[in-house]
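**Q** Fold the following, please.
(chains A and B)
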Amino acid sequence: MNLSDYESVAGRDAVDEIRLIASRLRGWRVVHVNSTAVGGGVAEILSRMVPLMKEVGIDARWEVMRGTDDFFAVTKSMHNALQGKNLPLTEEMRRVYEEAQEANRSTLNLEGDIVIIHDPQPAGLLTAVTRGKARWVWRCHIDLSHPDAAYWDFLRDRVSSYDGTIFSSPKFARETGVRTFVIPPSIDPLSDKNRELEPSVVRQVLEDHGIDPTRPVITQVSRFDLFKDPFGVIEAWKKVKEDFPCQLVLAGGSADDDPEGASVLAGLREAAAEDKDIHVLCLPPTANLEINALQRGSTIILQKSTKEGFGLTVSEALWKGKPVIAGAVGGITIQIKHKLTGMLVNSVDGAAYYLKYLLSRPEEAAALGRNGREHVRQNFLLTRHLRDYLVLVALVRSGRSGLVTVEA
Amino acid sequence: MRANSLVLPTGHVAVDLDSFTAAIERVSISSIYHHMFESKIRLDHDPNDFSAWITHEIGEPRLARKIARLDPYFLTLEQIRARIIDLVRSWRVVS
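**A** Below is the predicted model:
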């Protein structure tokens, strides 16, 4: 995939803008560091972002830190504690974390002009020696609004010596004493999860799962997690189906390694057994085309979360031009402007009300879908994300802020 | 919290209303935002860069006033782009 492939979806002007900014940064060495080469949203973004950066003349590199199972157990606790869980942080855990940083300092090639460290796992790599002449920026992809105090103190000690931090939303940010930037995440419009599909493919996927393509379909795509309120979705759907006969699809990933997810899935399957119009689909992580087809084959998409990170599945649904009804939590409120790009709700009754409202007003539903797609085109595509990284590099390099003018 | 903006020459140059509309069609919405609103708010360019240029360089203050009246609270940047092009084209037909 190259940058010109994005012109047809993001717009030629957006692609021209990227090339224009990049022309001022040609040859700059930008190093991205994270802790996994495959799996997870960060690796997914970097696998697309780094080649595009190279294409526009940035000397971009992606380094992946290595760690023992013990290290990743510590960083898993860190990930959960930073997002609000109360967990112990022992001296042994601190030692395991530091040992991994030390081991990686000597094996990773951190030489560059800008080093972008993704998430807490490699955050301790920065020292006076590794810094060299580079500017270091810490890119946080998680919600730090309510962290466990001990874990946050541990992390802040490390990131406070960076030249800048990046958060996905002002809601997720924390004061670190250094310059903070906000760059929202993005979806790739050309990936299997989001690219255009033939109507026949969409129809086939629905039929393969026993869904009737001729009747309205209400879908929620999310992990089987109580914070996504799947039982609330069933309750809302039950309030609607008598007046508006429709089917409900709850599609999510496998829950084999997640005991809570497994019990939620079992509960949903039990509920679905009572009604042939409820379809609970447990799909493998590779089922991107299927998820795409299920979203495209839906009449309305729900994301009735009661707690959420950024919630990029909302942008995925909006990008497909679908009317979306979603919980007014986390990053969802940035993606959905109520009654303009979708509907925000705070209760089961609210979800049921807007399901009835949109099922009875297809033209209004279509308008929300159109607005939603345009909102995503302008704000949540990979091309905007790339542009923001380029602007960040220029701003960090210049050390200036506000309105920064670059002369001809 | 405040916005950081990087302002750099796009290479698009307007010398008359035809080349102006051609450029407006091609630039990104960031350029529209900068010249219509940011220059007014952060650089005190009144009423906006496009209207000032149309008044002083093209000598069409009434067209400039129509563009200055475009309201960002009721229009998206893409709609503003389309309205500017429509206003200029209609103006040329009438005049």
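**Q** Quick one: the helices in the stretch 1-150 of chain A, in order.
**A** For the stretch 1-150 of chain A, helices defined by DSSP state H, counting those that start in this stretch occupy the ranges A:7-10, A:12-23, A:41-55, A:69-82, A:91-107, A:128-131, A:149-159.
**Q** and those helices as a markdown table, adding mean pLDDT, distance to chain B and mean neighbour count?
**A** The way it works is simple: take the backbone N, C-alpha and C, and place the C-beta from them, glycine included. Converted to a markdown table, those look like this (pLDDT from 0 to 100; distance: least, C-beta to the nearest C-beta, whole Å; neighbours: other C-beta atoms under 10 Å in any protein chain shown):
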| stretch | mean pLDDT | distance to chain B | mean neighbour count |
| --- | --- | --- | --- |
| helix A:7-10 | 97 | 10 | 17 |
| helix A:12-23 | 96 | 4 | 19 |
| helix A:41-55 | 93 | 16 | 18 |
| helix A:69-82 | 93 | 22 | 18 |
| helix A:91-107 | 97 | 30 | 15 |
| helix A:128-131 | 93 | 23 | 12 |
| helix A:149-159 | 97 | 19 | 17 |
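**Q** Tell me, please, the helix or strand in the chain that averages the lowest pLDDT.
**A** All of this refers to chain A. strand A:403-405 (a mean of 85; mean pLDDT, DSSP states H and E).
**Q** Chain B, not that one
**A** Counting by mean pLDDT, DSSP H and E, the weakest-scoring helix or strand in chain B turns out to be helix B:39-43, with a mean of 89.
**Q** Give the buried residues for it.
**A** Within helix B:39-43, the residues scored as buried using 16 or more other C-beta atoms under 10 Å in any protein chain shown are B:39, B:40.
**Q** Report the central residue of the chain.
**A** By default, I'm working from chain A. The centroid of chain A falls nearest to residue A:312 when counting by C-alpha atoms, centre = their mean (4.4 Å).
**Q** The intended chain is chain B.
**A** Short answer for chain B (C-alpha atoms, centre = their mean): residue B:50, at 3.9 Å.
**Q** Now find how far off-centre the least confident helix or strand of chain A is within its chain.
**A** In terms of C-alpha atoms, centre = their mean, to the nearest Å, the centre of strand A:403-405 is set 29 Å apart from its chain centre.
**Q** Stretch A:62-78 too?
**A** Mean-position distance between stretch A:62-78 and its chain equals 20 Å (C-alpha atoms, centre = their mean).
**Q** Distance check, residue A:144 against chain B.
**A** Noted for residue A:144: a distance of 16 Å to chain B, by C-beta to the nearest C-beta, to the nearest Å.
**Q** burial count for that residue?
**A** Look at residue A:144: counted by other C-beta atoms under 10 Å in any protein chain shown, it has 22 neighbours.
**Q** Identify the residues contacting it.
**A** By C-beta atoms under 8 Å, 6 or more residues apart in numbering or on different chains, residue A:144 lies in contact with A:82, A:83, A:152, A:167, A:172, A:173, A:174.
**Q** So residue A:250: helix, strand or coil?
**A** Under DSSP: H, G, I helix; E, B strand; the rest coil, the three-state class of residue A:250 is strand.
**Q** Just read off the phi/psi values of the nearest residue to residue A:111 once chain neighbours are set aside.
**A** Closest residue to residue A:111 apart from its sequence neighbours, by C-beta to C-beta, 6 or more residues apart in numbering or on different chains: residue A:132 at 6.5 Å. Here is the backbone geometry of residue A:132 (degrees, to the nearest 10): phi 60, psi -130.
**Q** that older thread, which secondary structure elements does the helix or strand encompassing the residue nearest to the centre of chain B contact?
**A** Assigned by DSSP states H and E, residue B:50 belongs to helix B:49-53. When contacts are defined as 3 or more C-beta pairs under 8 Å, 6 or more residues apart in numbering or on different chains; DSSP states H and E, helix B:49-53 packs onto helix B:61-68.
**Q** Mean confidence (pLDDT) on the helix it packs on, please.
**A** Mean per-residue pLDDT for helix B:61-68: 97.
**Q** Which residue ranges make up each domain of chain A?
**A** Chain A breaks down by automatic domain parsing into domains covering A:3-186+A:382-398, A:199-379.
**Q** burial measure for residue 36, as a count.
**A** Picked chain A for this. Residue A:36: 16 surrounding residues under other C-beta under 10 Å.
**Q** other chain: chain B
**A** 23.
**Q** Quick check on the residue nearest to it when sequence neighbours are not counted: phi, psi?
**A** Of all residues not flanking residue B:36 in the chain, residue B:48 sits nearest, at 4.8 Å (C-beta to C-beta, 6+ apart). The phi/psi pair for residue B:48 (degrees, to the nearest 10) reads phi -170, psi 170.
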